[in-house]
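**Q** The following block contains a protein sequence and its predicted model.
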Amino acid sequence: MNVHRSLKSPEELMAAGLVPPERLAGLAEVASRYAVAVTPAMVELIDPADPDDPIARQFVPSEAELTILPEERADPIGDLAHSPVEGIVHRYPDRVLLKAVHVCPVYCRFCFRREMVGPAGLGTLSGQALDAAFNYIASHAEIWEVILTGGDPLVLSARRLGELMARLAAIPHVKVVRFHTRVPVVEPERVDEALVRALKSCGKAVYVALHANHPRELTPAARAACARLVDNGIAMVSQSVLLKGVNDDPQTLAELMRAFVETRVKPYYLHHPDLAPGTSHFRLSIAEGQALVAGLRGRISGLCQPAYVLDIPGGHGKADIGLSAVRPMEEGCYSVADYRGEEHAYPPREKTGLDEKT
Ligand SMILES: *Cc1c(COP(=O)(O)O)cnc(C)c1O
Ligand code: SF4
């Protein structure tokens, strides 16, 4: 279906044929709690005839979101515990998050910041709050990298982004600027010459971390948007969430990672889904995730391997939760598993030709 603007309510989703009329009442309740938006590019990708469509599952609200489990929390990764000033999250010594906006072009149903984003969320930083955030960065010489996230920072106009970049350009200890965004996929036309120029204008090393979860999201238009960034010297990495019913099978995951690499986006993180409220229908177990990630190793190019990470609830940061290939054995020896699961001693125990000569 072709639409010309984003769909932002269950009624609009119904009119576009993405939600049946009998579900309107239930979904109205969901929409009153969590923001809804699906961009034209994503509407076009959805197959309305497929009840399990992996794109619809990410963006079209579901009654399952009304089921809140006791272990779920409004701030699943503990941003607020590490926020010294509004808009800044400083959890690790050398880098901070700068959350200038709390709106997104799409609202992912599994979003870990779903209580903070959207029209009813934390909003956009006021001029004063932004001054305080930049003062914080400027007065902490250990901050080597600034990560713009939110929300989706690329919803800002090129002019506004240019202003933010000029302020970062003036802070010599900041060497790297990173953006976390879904825009190149969900609104690829936004990535135009003016936006690229604005991102580059800080004169620092600029990275864009692209959030996408299913290989179909890497449409020709999305790939072209990424090419405009990469061709202009902006490095790209990927960020995906492992989601039940979206990408939790070996084939889809391999295709997703290959689609990134073909687009010159280096797979970076595969996130275990966070304990955000009303998202249990997306979660699988860590053991299931480990098996899926182990299944990628060796079978597809090393370029296609993401790190499987969990953001530890409570604000303790990210941990690599992929299965380790190495197990300590006795006397400083190790057992190392190859990609087929076969174990090998390190250092090797068998005699070599070299041993016989000596
Ligand atoms: C995820 C995160 C980062 C970035 O972590 P990397 O491992 O460098 O990608 C930085 N700060 C906070 C608070 C985060 O949650
Ligand atoms: S784009 Fe990111 S911040 Fe926005 S709804 Fe999706 S996961 Fe949440």
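**A** Alright, I've got the coordinates. Residues are numbered from 1 along each chain as shown. Ligands and ions are numbered 1, 2, ... in the order given.
**Q** Tell me the helices and strands packed up against the secondary structure element (helix or strand) that Glu255 belongs to.
**A** Following DSSP states H and E, one finds Glu255 within helix 250-262. Helices and strands touching helix 250-262, by 3 or more Cβ pairs under 8 Å, 6 or more residues apart in numbering; DSSP states H and E, are strand 235-241, strand 266-271, helix 286-296. No exception for glycine: its C-beta is placed from N, CA and C like everyone else's.
**Q** ok, now with 10 Å
**A** helix 220-231, strand 235-241, strand 266-271, helix 286-296 (3 or more Cβ pairs under 10 Å, 6 or more residues apart in numbering; DSSP states H and E).
**Q** which one of the ones you listed lies closest to Val326?
**A** helix 286-296 (13.3 Å; Cβ to Cβ).
**Q** re the thing from before, can you pull the buried residues of the helix holding Glu255?
**A** Under the neighbour-count criterion of 16 or more other Cβ atoms under 10 Å, helix 250-262 has Thr252, Leu253, Ala254, Glu255, Leu256, Met257, Arg258, Ala259, Phe260, Val261 buried.
**Q** How about stretch 320-328?
**A** Buried residues in stretch 320-328 (16+ other Cβ under 10 Å): Ile321, Gly322, Ala325.
**Q** rewinding a little: can you check what angle separates the helix holding Glu255 from strand 266-271?
**A** With axes from the mean of the first three to the mean of the last three Cα atoms, to 10 degrees applied, the angle from helix 250-262 to strand 266-271 works out at 140 degrees.
**Q** Helix 250-262 vs strand 235-241, what angle?
**A** Using the same axes, to 10 degrees: helix 250-262 against strand 235-241 is 160 degrees.
**Q** From the chain's centroid, how far away is helix 250-262?
**A** In terms of Cα atoms, centre = their mean, to the nearest Å, the centre of helix 250-262 is found 15 Å from the chain centre.
**Q** With just CA atoms, put that helix into CSV.
**A** C-alpha atoms of helix 250-262 as CSV (Å, rounded to 0.1, in the frame of the first residue of the first chain):
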residue,chain,number,x,y,z
PRO,A,250,19.4,-18.7,11.5
GLN,A,251,18.5,-17.9,7.9
THR,A,252,17.0,-14.5,8.6
LEU,A,253,19.8,-13.5,10.9
ALA,A,254,22.4,-14.5,8.4
GLU,A,255,20.6,-12.6,5.6
LEU,A,256,20.3,-9.6,7.8
MET,A,257,24.0,-9.5,8.6
ARG,A,258,24.9,-10.1,5.0
ALA,A,259,22.6,-7.3,3.9
PHE,A,260,24.4,-4.9,6.3
VAL,A,261,27.9,-6.0,5.0
GLU,A,262,26.7,-5.6,1.3
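**Q** okay, the angle between it and helix 220-231?
**A** If you take the same axes, to 10 degrees, helix 250-262 sits at 40 degrees to helix 220-231.
**Q** Can you point out the buried residues in stretch 228-236?
**A** Result for stretch 228-236 [16+ other Cβ under 10 Å]: buried residues Arg228, Leu229, Ile234, Ala235, Met236.
**Q** does any part of stretch 317-326 sit near ligand 1?
**A** Yes - contact check for stretch 317-326 against ligand 1, using Cβ under 6 Å from any ligand atom: residues in range are Lys318.
**Q** end-to-end on that stretch?
**A** One end of stretch 317-326 sits 23 Å from the other (Cα to Cα, to the nearest Å).
**Q** Contacts for that stretch, please.
**A** Outside stretch 317-326, the residues that touch it by Cβ atoms under 10 Å, 6 or more residues apart in numbering are 77-78, 82, 91-92, 269-272, 286-287, 289-291, 293-294, 296-297, 305-312, 334-339, 341, 343-344, 346.
**Q** if you set the cut-off to 6 Å instead, what comes out?
**A** Applying Cβ atoms under 6 Å, 6 or more residues apart in numbering, the contact partners of stretch 317-326 are 91, 286, 290, 293-294, 307-312, 334, 336-337.
**Q** Would you reformat those residues as a markdown table and include neighbour count?
**A** Shown next, in a markdown table, are those (neighbours: other Cβ atoms under 10 Å):
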| residue | neighbour count |
| --- | --- |
| Arg91 | 18 |
| Ile286 | 15 |
| Gln290 | 16 |
| Val293 | 21 |
| Ala294 | 18 |
| Ala307 | 15 |
| Tyr308 | 22 |
| Val309 | 19 |
| Leu310 | 18 |
| Asp311 | 22 |
| Ile312 | 13 |
| Tyr334 | 14 |
| Val336 | 14 |
| Ala337 | 16 |
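**Q** that older thread, of all the buried residues of stretch 228-236, which comes closest to ligand 2?
**A** Met236 (16.2 Å; Cβ to the nearest ligand atom).
**Q** domain assignment for the chain?
**A** The record's domain parsing of the chain by automatic domain parsing lists 10-64, 80-320, 326-357.
**Q** Turn these into CSV, including distance to His4.
**A** Listed next are these as CSV, based on distance: least, Cβ to Cβ, whole Å:
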stretch, distance to His4
domain 10-64, 6
domain 80-320, 12
domain 326-357, 47
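**Q** Identify whichever of the ones you listed lies nearest to ligand 2.
**A** domain 80-320 (3.1 Å).
**Q** Quick one: distance of that closest one to the chain centre.
**A** Its chain's C-alpha centre and that of domain 80-320 lie 5 Å apart, by Cα atoms, centre = their mean.
**Q** Quick check: end-to-end length of it?
**A** 22 Å.
**Q** quick one: that domain near ligand 2?
**A** Yes - with Cβ under 6 Å from any ligand atom as the criterion, ligand 2 is reached by domain 80-320 at Cys104, Tyr107, Cys108, Cys111, Arg113, Val117, Gly151, Asp152, Arg182, His211.
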